[in-house]
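Asks: Attaching a predicted model along with its sequence, questions to come.
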Amino acid sequence: QVQLQESGPGLVKPSQTLSLTCTVSGDSITTNYLDWSWIRQPPGKGLEWIGVMSYSGSTLYNPSLESRTSISRDTSKNQFTLQLSSVTPEDTAVYYCARGGLSSTFDYWGKGTQVTVSS
């Protein structure tokens, strides 16, 4: 069974960099043709796709967040990481990692982790 688990600080100060890690079990992030995404949901709003990393390591980001977003991976740990720089309170959200995003729908999701941006 594929499982994803988000981890990282729940509180980040404005102007700092948010960093979250998604640990995957039951599948490999390098399996051909699979993609791995980050998605968030601000309070009272809908889901917002942040970006995706393909099985080959290539990335694609939401244009509205691209200048502040970076997704990387550690294949030895089967993890991929989100970094969002220069955060503001508007980046407060529940952040999810999920399988899918480029060539497939989102079929497996993590439980989500709350991140609050506040001084």
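Replies: Everything's here; your move.
Asks: The nearest residue to Thr69 once chain neighbours are set aside: neighbouring residues, count only.
Replies: Closest residue to Thr69 apart from its sequence neighbours, by CB to CB, 6 or more residues apart in numbering: Tyr61 at 4.8 Å. Just so you know, the C-beta spots here come from the backbone N, C-alpha and C atoms, and that holds for glycine as well. Other residues near Tyr61 come to 18 when the count uses other CB atoms under 10 Å.
Asks: can you pull up the bridge partners for Tyr61?
Replies: In this entry, Tyr61 is beta-bridged to Gly51, by DSSP bridges.
Asks: That one: what's it in contact with?
Replies: Ile50, Gly51, Thr69, Ile71 (CB atoms under 8 Å, 6 or more residues apart in numbering).
Asks: Double-check that Ser67 belongs to a strand.
Replies: No: under DSSP: H, G, I helix; E, B strand; the rest coil, Ser67 falls outside any strand and is assigned helix.
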